[in-house]
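J.: based on what follows, work out the 3D shape:
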Amino acid sequence: MENSLSIMFTIKSWYILVPVMLLGLLWLINWAKRQKQKITFAQFFVLITFGIYILSMIDLVFFPIEVNIGRYANQTPWYNTINFIPILTIDIKTFLLNVIMLIPFGMYFPFLMQTKTSVKRIAKLGFGLSLSFELVQLIIRVVLGSGRSTDINDLLANTAGAVIGLLIVRKLVKVKLFGGIIERLMLYPNKERENGENFNCR
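T.: Predicted structure coming up:
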């Protein structure tokens, strides 16, 4: 008679993300009160929507987490779930969805930074965020017995999406109709940005 232990349950996103959202909101209110310059409603809106975007992305990437430890755990070795081959193994639909997922990240970032945001910088940030997602997915699979695969093509797609997002904002800021609106939404507005200099490509 087998005595192997089997643990199976599902971790739903709201168990974790709702407390994180509430703590984040409290932190944001406290942070806004400590700022020398008053945070406008438009700027607060950008911060809130960016937070919602990040939480939505975490929900999409990681949840629900199916914990499956013991007798009925996934028998596929974790190292067989990693795709190290770029481009040739691309699934077009998945690749495009991963590009789209990081476009808002590239669009939001110039609004939140005090210093200039270049394509090189946003590419590094997009790659770093994507890499952290892939590593956490791998850890979940190893520790909890099930999870999503880790794919190098996701890193490429996410990085491309972040860059595309920045380039979209760079184009919009040069259009009179959007330039003034974008300036009001920025957390650290300044004269340099009126000509789109904060979105340079260097």
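J.: just how off-centre is whatever helix or strand V169 lives in within its chain?
T.: Per DSSP states H and E, V169 falls inside helix 152-173. Mean-position distance between helix 152-173 and its chain equals 12 Å (Cα atoms, centre = their mean, to the nearest Å).
J.: C-terminal to it, what's the next element?
T.: Next along from helix 152-173, by DSSP H and E: helix 176-185.
J.: could you dump that next one to PDB, C-alpha only?
T.: The C-alpha trace of helix 176-185 is given here as PDB (Å, rounded to 0.1, in the frame of the first residue of the first chain):
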ATOM      1  CA  LYS A 176      -0.400  69.200 -30.700                       C
ATOM      2  CA  LEU A 177      -3.700  67.600 -29.800                       C
ATOM      3  CA  PHE A 178      -2.000  65.100 -27.400                       C
ATOM      4  CA  GLY A 179       1.200  67.100 -26.300                       C
ATOM      5  CA  GLY A 180      -0.600  69.200 -23.700                       C
ATOM      6  CA  ILE A 181      -2.600  66.300 -22.300                       C
ATOM      7  CA  ILE A 182       0.600  64.100 -22.000                       C
ATOM      8  CA  GLU A 183       2.400  67.000 -20.200                       C
ATOM      9  CA  ARG A 184      -0.300  67.300 -17.600                       C
ATOM     10  CA  LEU A 185      -0.300  63.500 -16.900                       C
END
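J.: so what touches stretch 62-72?
T.: 2, 4-13, 17, 74, 133, 136-137, 140, 144-148 (Cβ atoms under 8 Å, 6 or more residues apart in numbering). In this view, the C-beta of every residue, glycine as well, is placed from N, C-alpha and C.
J.: 7 Å instead?
T.: 4-13, 74, 136-137, 140, 144-146 (Cβ atoms under 7 Å, 6 or more residues apart in numbering).
J.: kindly report the same for stretch 99-108.
T.: For stretch 99-108, using Cβ under 7 Å, 6+ apart, the contacting residues are 50, 53, 57, 122, 126, 129, 157-158, 160-166, 168-169.
J.: narrow those residues to just the buried residues.
T.: Listed as buried from these are 50, 57, 122, 126, 129, 157-158, 160-166, 169; burial here means 16 or more other Cβ atoms under 10 Å.
J.: elements contacting the helix holding V169?
T.: helix 92-112, helix 119-144, helix 176-185 (3 or more Cβ pairs under 7 Å, 6 or more residues apart in numbering; DSSP states H and E).
J.: how far does stretch 6-14 sit from its chain's centre?
T.: 23 Å.
J.: return that stretch as CSV; C-alpha atoms alone will do.
T.: Provided in CSV are the C-alpha atoms of stretch 6-14 (Å, rounded to 0.1, in the frame of the first residue of the first chain):
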residue,chain,number,x,y,z
SER,A,6,-0.4,14.2,-2.1
ILE,A,7,-1.2,17.9,-1.8
MET,A,8,-3.5,19.5,-4.3
PHE,A,9,-5.2,22.9,-4.2
THR,A,10,-5.6,26.1,-6.2
ILE,A,11,-4.3,29.5,-5.3
LYS,A,12,-6.6,32.1,-6.8
SER,A,13,-5.3,35.6,-7.7
TRP,A,14,-7.5,37.5,-5.3
